[in-house]
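Undergrad: what follows is a predicted protein model with its sequence.
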Amino acid sequence: MSNPNPVSTTAAHGLESLGQSDFFEGSPVATFVLNMDHIVTHFNKACATTIGVDAREIVGKDKVGRVFYGHDRPVMADLIVDGAMKEIIDDLYQSSYRSSLVVPDAYEAEAFFPNLGANGRWLFFTAAPLRNALGELVGAMETLQDITERKVAEEALMKAQVEVEQVVEHRTAELAELNKALRDDVRRREAAEHMLLGRNAELNLLNAKLSTAQEHLVQSEKLASIGQLAAGVAHEINNPIGYIFSNFGTLENYLSSLFEILDIYEKAEASLGAAETVKELKAKRESLELEFLKEDIPVLMRESKEGIIRVRKIVQDLKDFSHVDTNQDWQLANLNLGIDSTLNVVNNEVKYKAELVKDYGDLPEVECRHSQINQVVMNLVVNAAHAMGSERGKITVRTRAEGDNVWLEVADTGSGIPKEVLPRIFDPFFTTKPVGKGTGLGLSLSYGIIQKHHGRIDVQTEAGKGTTFRVTLPIKQPATPAANGANPA
């Protein structure tokens, strides 16, 4: 049988068994293979499309890194072939790589390649060793995925966030000027007319109510923006995931049918009269490693299906988190599930800065406004991530039930809070972050939310060792004055 693609040929050094199969060439995953001499032996159509290079310019040649970087630099597959991955990868990829969670000795990373395309491209790539039947290293395989659109979207989101923070800071400055002018006016009135003290007291009370109303407004706007974004992203992702999941089930059925007919063909070999034909079929089956494929393909399908299910779970968490203002009534909620959804949403903010440890206790359902509690958890976890220094730290989220209350803790191993600023951390607009990096509303809003839940926030901190915030909530909310027949304030 002739080779379906004479350009991508199989080289020596133990790679004969791979071949240039229809499966490899037709795979939508951009993939290329190096042998032990760093020669490109396989380069599928998806790979040629992704990086915009003809396979005939690559197959049979070495120094494939020039295609990506414009100069002679090893790719991940080169490092695996040389056995130099652990010694060199930190210098080449810094913190943008990690070990594969599925395949031993495999790695994955993402980077920007200015030489690809008109404006450069972001690629997510993986590299894994290839071994023969004796377990000997015979080459390395690398896959590519174009994530440029996702990166562009992330940059746009960050830009929008900075703009929102700038608007908040501008409004804060205006409010500070108005408050200063108001205080000056109050002093002049107190000095001139003692009889207006009563009215000044009323004015101060009005200012307090106005400040509270403003905090509610800022919180509502912030929650609505996050919810709208999360709902939009979840909706856009959910549609393609749906038909991918459906097609995956159909593909599993097709493969099952193909394996059944293959089993029938194998059983029929013994009844063939021509010994030469039987011998030829057996040799072909061994060269294709048919038994291995029958075992490995279901494993690959199962792992891929688990990945799709995991993506659907993330999408569902985004949808759950986006329902921030759909219901402001008190409801019974599973606090642990709400925390999990929130941690999934902020995972990208945390995963590069700290290890996240979950230590959940067995909690009863808690009467609360669960979207507001999710907002508190998000603020505390993001603050903990920002408290990390140059070294990767650890954030522990812990929950327990205690009598008529439940509590949750967010403990970090970051820089801690200086004693001189500790009394002010819950003040509105107070922040230790540089200008443009924070609004100073996160802890203040969280404090207000917990007060409205008749709970409390406690903090323990030590400079250089970390900080622990504990939120304590009643399992059942106390009866309101209106419920007791009193006139609500």
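TA: Arrived safely.

Undergrad: contacts and neighbour counts: CA atoms only from here.
TA: OK.

Undergrad: let me see the domain layout of the chain.
TA: Residue ranges for each domain of the chain read 22-146, 152-217, 239-320, 327-474, as given by automatic domain parsing.

Undergrad: quick one: residue 74 and residue 67 touch, right?
TA: No: Residue 74 lies out of contact with residue 67 (C-alpha atoms under 8 Å); the separation is 10.7 Å.

Undergrad: worst mean pLDDT among the domains of the chain?
TA: Per-stretch mean pLDDT for the domains of the chain is lowest at domain 239-320 (a mean of 71).

Undergrad: can you redo the domains of the chain as JSON lines with mean neighbour count?
TA: Shown next, in JSON lines, are the domains of the chain (neighbours: other C-alpha atoms under 10 Å):
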{"stretch": "domain 22-146", "mean neighbour count": "17"}
{"stretch": "domain 152-217", "mean neighbour count": "13"}
{"stretch": "domain 239-320", "mean neighbour count": "13"}
{"stretch": "domain 327-474", "mean neighbour count": "18"}
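
Undergrad: okay, and the beta partners of residue 143?
TA: Taking DSSP bridges, one obtains residue 31, residue 126 as the residues bridged to residue 143.

Undergrad: that one against residue 30, yeah?
TA: Yes: in this structure, residue 143 is within contact of residue 30 by C-alpha under 8 Å, at 5.4 Å.

Undergrad: okay, and the common contacts of the two?
TA: Counting by C-alpha atoms under 8 Å, 6 or more residues apart in numbering, residue 143 and residue 30 have no contacts in common.

Undergrad: please name the nearest non-neighbouring residue to residue 103.
TA: residue 128 (7.4 Å; C-alpha to C-alpha, 6 or more residues apart in numbering).

Undergrad: how near is that neighbour to residue 376?
TA: According to C-alpha to C-alpha, to the nearest Å, residue 128 and residue 376 sit 41 Å apart.

Undergrad: and residue 291, by the same measure?
TA: Taking C-alpha to C-alpha, one finds residue 291 at 54 Å from residue 376.

Undergrad: re earlier: just the element for the residue nearest to residue 103, please.
TA: According to DSSP states H and E, residue 128 maps onto strand 121-131.

Undergrad: please apply the same query to residue 203.
TA: Using DSSP H and E, residue 203 falls in helix 197-269.

Undergrad: verify the stated contact: residue 449 with residue 371.
TA: No: at 10.5 Å, residue 449 does not count as touching residue 371 under the criterion of C-alpha under 8 Å.

Undergrad: give the helix, strand or coil label for the closest residue to residue 27 other than its chain neighbours.
TA: Nearest non-adjacent residue to residue 27, counting by C-alpha to C-alpha, 6+ apart: residue 46, 7.0 Å away. Classification of residue 46 by DSSP: H, G, I helix; E, B strand; the rest coil places it in helix.

Undergrad: could you find the closest non-adjacent residue to residue 294?
TA: Going by C-alpha to C-alpha, 6+ apart, residue 294 has residue 259 as its nearest residue, at 7.2 Å.

Undergrad: from residue 247, how far off is the one you found?
TA: To residue 247, residue 259 is 18 Å away according to C-alpha to C-alpha.

Undergrad: same thing with residue 198?
TA: 73 Å.

Undergrad: same question, residue 362
TA: In terms of C-alpha to C-alpha, residue 362 sits 39 Å off from residue 247.

Undergrad: now residue 464
TA: Taken as C-alpha to C-alpha, the span from residue 464 to residue 247 is 52 Å.

Undergrad: just residue 90 next, same as before
TA: Distance from residue 90 to residue 247, counting by C-alpha to C-alpha: 39 Å.

Undergrad: also residue 458?
TA: 51 Å.

Undergrad: same check, this time on residue 98
TA: 30 Å.

Undergrad: quick one, phi psi at residue 464?
TA: Residue 464 adopts backbone torsions of phi 80, psi -10, taken as degrees, to the nearest 10.

Undergrad: ditto for residue 117
TA: Dihedral pair for residue 117: phi 70, psi -170, per degrees, to the nearest 10.

Undergrad: my guess is it contacts residue 49, does it?
TA: No: contact status for residue 117 versus residue 49: not in contact, 10.8 Å apart, counting by C-alpha under 8 Å.

Undergrad: nice, that's everything, thank you.
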